[in-house]
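Student: from the sequence below, what's the structure:
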Amino acid sequence: MQTFSRRVAEEVLKVLGSDDVKVLDQCNCLNYTYVLINTRLGEFLGIAYTPTEDLRAGEIGVEPRVEELPELVTNLDSLVRALGVALINAISHYLVVREGLRLSQGDLKSEILKYVRPNCTACFVGSITPVAEALRGGCTVYQLERRSDLRHDSYPDIDAPLIIPNCDLLVITGSAIVNNTIDQLLA
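Tutor: Numbering: from 1, shown residues only. Here you go, the predicted model:
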């Protein structure tokens, strides 16, 4: 089965082409994972959510390599997947600069509010509480969160099949790629 994560990684590699990209440094840190790359245009940093429940002492034993990107993002170890997603983010940053694209600075809350309709039902997968709170009052809002320490008024992510089909608006954080739930959520 071709997963969403693998397809994204393969497409990033296609766009990258034969450009030389080297991983300089990486770390599965508390809360976020980072990968620093070097390219002909300089250094670029990518980050991803770290599944803290899977952190362990010592090295994970994987040095992320660009050519192995599809395998990284589909690895059975969530810490390796986090490195893969961070590497995709670093390469994406490089590609934006390489292509001369201009990304406008935006406010996530404002962007999401553009899609809100009166009396809508919205679901946030992952903890984006400030944005979710901005919708309360005009919408019924559900938040799904895996980690109980971040859940507060949210529901566990295993309730996704009961909530998502009834929503008008769905916002999914990148942590769904790291914790390997993106394909089920998109289905």
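
Student: buried residues in the longest helix along the chain, which are they?
Tutor: Ranked by number of residues, the top helix in the chain under DSSP state H is helix 78-98. By neighbour count on 16 or more other Cβ atoms under 10 Å, the buried set for helix 78-98 is 78-95, 98. Quick note: C-beta positions are derived from backbone N, CA and C, even for glycine.

Student: pLDDT of that helix, averaged?
Tutor: The pLDDT scores in helix 78-98 average 96.

Student: show me what contacts Ala132?
Tutor: 122, 124, 141, 143 (Cβ atoms under 8 Å, 6 or more residues apart in numbering).

Student: at 10 Å what do you get?
Tutor: Residues near Ala132 by Cβ atoms under 10 Å, 6 or more residues apart in numbering: 109, 112, 122-124, 126, 139, 141-143, 153-154, 171.

Student: following the longest helix of the chain, which helix or strand shows up next?
Tutor: Next helix or strand after helix 78-98 toward the C-terminus (DSSP states H and E): helix 108-113.

Student: in this structure, which spans are strands?
Tutor: 22-28, 32-39, 42-49, 120-125, 139-145, 155-156, 169-172 (DSSP state E).

Student: give me the sheet partners of the fourth one and which way each runs.
Tutor: When pairing is defined by DSSP bridges, strand 120-125 lines up against strand 139-145 (parallel), strand 169-172 (parallel).

Student: out of these, nearest to Val35?
Tutor: strand 169-172 (21.6 Å; Cβ to Cβ).

Student: which residues touch that closest one?
Tutor: 108, 111-112, 115-117, 120-126, 128, 131-132, 135, 139, 141-144, 160, 163-164, 181-182, 185-186.

Student: neighbours of Glu11, how many?
Tutor: 12 (other Cβ atoms under 10 Å).

Student: check contacts around it.
Tutor: 70, 88.

Student: what is the least confident helix or strand in this structure?
Tutor: helix 148-151 (a mean of 72; mean pLDDT, DSSP states H and E).

Student: so Leu169 bridges to which residues?
Tutor: Ala122.

Student: that one: how many residues sit nearby?
Tutor: Neighbours of Leu169 (other Cβ under 10 Å): 16.
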